[in-house]
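Asks: show me the folded form of this:
(4 chains)
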There are 2 protein chains.
Amino acid sequence: MLSKRTKYGLKALTYLAKKGKNTPVLISEIATEENISKKFLEAILLQLKRNGFLASKMGKGGGYYLIKDPEEVTIASVYRILEGPIAMLPCVSLNYYEKCDDCKSEEECTLHKVMIEVRDNTLKVYENSTLIDLI
Amino acid sequence: MLSKRTKYGLKALTYLAKKGKNTPVLISEIATEENISKKFLEAILLQLKRNGFLASKMGKGGGYYLIKDPEEVTIASVYRILEGPIAMLPCVSLNYYEKCDDCKSEEECTLHKVMIEVRDNTLKVYENSTLIDLI
DNA sequence: AAATATTCTACTTATTCTATAGACTAATAG
DNA sequence: CTATTAGTCTATAGAATAAGTAGAATATTT
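Replies: Predicted coordinates:
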């Protein structure tokens, strides 16, 4: 299941994409409109800012705004920042690969093949949908 | 990502399937062979027993054994017991449906459609693979 | 310069989940 | 009866989740 962090993050990005690139929107506006705890959202937006999706402006007339083209922002890229690996096992992750400590080898691991199949299917969806599709 | 609970559960079921239906195997044997903490595995097997996948025999010559045909046990059914919903959001889950508290309506939810697509893709894989495929 | 609006930072809290460990109880086979 | 094995119950350390509180820093307007 998606964490609320990722869910809220995607919703906020979609909201900002609707408003258009480079148009500052208040955290509190997004929080109210999308029913998100303001403080929690603040942390999420900050994380998206640090990772190059958003920028912000302080003071009156400030807020957060999208600095990428909505059609360039895939769900996959947001997911990896906010949620982590898309794969179901570390040993089948493309971006966060790690060896499983309980498996003797990946060839012997009975789950390996199925989980690669799941990953590929999921990835296809996440890589091919962008903020444009979510609007 | 899969919890270790689910991963270990699937591995244990596969191990038992290899040994054949109705052949008792020691918890400790599975734990050693699959590099799983024995106590943790105990809890997992118990859960699978309560849900009708396994049965157990106490005393000498005892152990856990499969009581379903391996080709009947889909990954999806095990996943739902040990991990929970397969869907990424409560509101797109078939077996664990719940309304999202932050969404006004499911039609307006920008994530709904994509997450249904992900669910359907994942489900196709999980429903169509059984213990037989894992062996 | 002061007032106001807004994000930024740090600290704290409550709750749940994860992955175990230990001790004791109950059943079964020989 | 005894050895073997699962069952039950309790505890726990650590991490993650989803916030809440307080105030500092920065920008704009007056």
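Asks: buried residues in stretch A:75-92?
Replies: Neighbour counts over stretch A:75-92 (16 or more other C-beta atoms under 10 Å in any protein chain shown) mark A:75-83, A:85-89, A:91-92 as buried. From N, CA and C alone the C-beta is placed, and that goes for glycine too.
Asks: then stretch A:32-49?
Replies: Neighbour-count burial for stretch A:32-49, counted by 16+ other C-beta under 10 Å, picks out A:34, A:36, A:41, A:42, A:44, A:45, A:48.
Asks: nearest residue to the fourth one in space, please, no chain neighbours.
Replies: In space, not counting the residues next to it along the chain, residue A:42 is nearest to residue A:27; the distance is 5.6 Å by C-beta to C-beta, 6 or more residues apart in numbering or on different chains.
Asks: the residue nearest in space to the middle of chain A: which element?
Replies: Nearest to the mean C-alpha position of chain A, counting by C-alpha atoms, centre = their mean, stands residue A:78 at 2.2 Å. Using DSSP states H and E, residue A:78 falls within helix A:75-82.
Asks: just residue A:120 next, same as before
Replies: Element membership of residue A:120, judged by DSSP H and E, is helix A:112-128.
Asks: mind listing what's buried in the helix or strand just after that helix?
Replies: The element immediately downstream of helix A:112-128 (helix or strand, assigned by DSSP H and E) is helix A:131-134. For helix A:131-134, the neighbour count (16+ other C-beta under 10 Å) marks A:131, A:134 as buried.
Asks: show me the domain layout of chain A.
Replies: Following automatic domain parsing, one finds the domains of chain A at A:4-66, A:86-134.
Asks: can you tell me which of those comes nearest to DNA strand D?
Replies: Judged by C-beta to the nearest atom of the strand, the one of those that comes nearest to DNA strand D is domain A:4-66, at 2.8 Å.
Asks: does DNA strand D have contacts with the closest one?
Replies: Yes: residues of domain A:4-66 are located near DNA strand D by C-beta under 7 Å from any atom of the strand, namely A:4-5, A:36-40, A:43, A:57-62.
Asks: what's the most distant pair in those residues?
Replies: Using C-beta to C-beta, those reach their maximum pairwise distance at A:4 and A:60, which is 30.2 Å.
Asks: what sits against the closest residue to residue A:133 other than its chain neighbours?
Replies: Once flanking residues are discounted, residue A:133 sits nearest to residue B:114: 7.1 Å by C-beta to C-beta, 6+ apart. Counting by C-beta atoms under 8 Å, 6 or more residues apart in numbering or on different chains, residue B:114 touches A:75, A:125, A:129, A:133, A:134.
Asks: good, wrapping up.
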